[in-house]
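Colleague: Just the structure for this:
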Amino acid sequence: MEPTTLIVIIIGIFFGFFVQSVIGFAGALIAMPILLLVIGLTDAVTYVTIFYCFSSAYLVAKEWKNIDKKIVLSIILSSLVGVAIGTWVLTFGNPKFLKKALGVFILLYVTYTYFDKKEKRNWSKLEFLFGFLGGFSATLFSIGGPMYVIIVKNITPNVKIFRATMFGVLGVVTYMRIPALVIGGLLNSTHLYYSLFIFPFFVFSIYLGKKMYTVLNEATLKKGLLVLLIISGFMLILKP
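Modeller: Numbers count the residues shown, from 1 in each chain. Just a heads-up that it's a prediction; the model follows:
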């Protein structure tokens, strides 16, 4: 791997998980467009998945008592189907088309986030659908959070349980993706080798994110995040 390529990957992982640790979501939404500037979709998904494993282990352990295990189990069953199909598409799909699809997905997510002002929607009967879509998009793009947010926020009683349950769902889905990536031949020793160089910057991003959370204006940060996502989405769509 070229040094410049490794540096860009480090920057993507750093900013992605910095945002993740500050606002609790959107790590892959930030990291993926940056990684895709220098590496292919399958490699980008693999690197993001590796570091989600580390962050998920920490967050699930920390929030274990607040996780609604019943919700996690109900969503995971359908997510498993989505993971399997997503792995197949990632292995045999067209990389250029998938990049543009990711750009569209990001723009749709931004649009939904900006215009949806309603706190609750009666979508609890769509658990299987959103579980499937979450597992599918998590495997294909390392971005399953928005799908899970839509359903989990409507079936949890408060923000504390919602946040912890999201950590639980995303953690389990992340660990389901690892064997799928290995079986599909998408994760190998090369990824693990270069992850050793990235890991210190990942740890620093988590540490810095926790520190900055206490001083940053969360509302302003989220608005800035949406602007960055819009730019990233159009870059992915318009890039040859």
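Colleague: So, low pLDDT: which residues of this structure?
Modeller: In the predicted model of the chain, residues 24-25, 95, 116-125, 213, 216-219, 221-222, 225, 239-240 satisfy pLDDT under 70.
Colleague: how close does L186 sit to F141?
Modeller: 13 Å (Cβ to Cβ, to the nearest Å). (C-beta placed from N, C-alpha, C; glycine too.)
Colleague: can you tell me how far F97 sits from S78?
Modeller: 25 Å.
Colleague: Who has more neighbours out of these two?
Modeller: Comparing F97 with S78 by neighbour count (other Cβ atoms under 10 Å), the higher total belongs to S78, at 19 against 10.
Colleague: helix or strand right after the helix or strand where that one lies?
Modeller: Using DSSP states H and E, the secondary-structure element containing S78 is helix 69-92. Using DSSP H and E, the helix or strand that directly follows helix 69-92 along the chain is helix 95-115.
Colleague: could you check the angle helix 69-92 makes with that following helix?
Modeller: 150 degrees (axes from the mean of the first three to the mean of the last three Cα atoms, to 10 degrees).
Colleague: which stretches of this protein form helices?
Modeller: Using DSSP state H, the helices found in the chain span residues 3-23, 27-35, 41-63, 69-92, 95-115, 127-141, 145-152, 159-183, 189-213, 218-238.
Colleague: Tell me the helices and strands packed up against the second one.
Modeller: When contacts are defined as 3 or more Cβ pairs under 8 Å, 6 or more residues apart in numbering; DSSP states H and E, helix 27-35 sits against helix 3-23, helix 41-63, helix 95-115, helix 218-238.
Colleague: Adding distance to L208, write those out as a markdown table.
Modeller: Compiled in a markdown table, these are given as follows (distance: least, Cβ to Cβ, whole Å):
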| stretch | distance to L208 |
| --- | --- |
| helix 3-23 | 6 |
| helix 41-63 | 14 |
| helix 95-115 | 24 |
| helix 218-238 | 13 |
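Colleague: Which of those helices sits closest to G135?
Modeller: Closest to G135 of the helices and strands packed on helix 27-35 is helix 41-63 (Cβ to Cβ; 12.8 Å).
Colleague: hang on, isn't A84 packed against A180?
Modeller: Yes. Applying Cβ atoms under 8 Å, one finds A84 in contact with A180, separated by 6.8 Å.
Colleague: now F162, nearest residue through space, not along the chain?
Modeller: Nearest residue to F162 in three dimensions, chain neighbours excluded: T156, at 4.2 Å (Cβ to Cβ, 6 or more residues apart in numbering).
Colleague: Can you get me a residue count around the one you found?
Modeller: What T156 shows, counting by other Cβ under 10 Å, is a neighbour count of 18.
Colleague: Who are the contact partners of it?
Modeller: 68, 71, 162, 165 (Cβ atoms under 8 Å, 6 or more residues apart in numbering).
Colleague: Quick check: of the residues you listed, which lies closest to L129?
Modeller: I71 (15.1 Å).
Colleague: roughly how far apart are that closest one and E2?
Modeller: From I71 to E2 the distance is 44 Å (Cβ to Cβ).
Colleague: The two: which has the busier surroundings?
Modeller: I71 (22 against 8).
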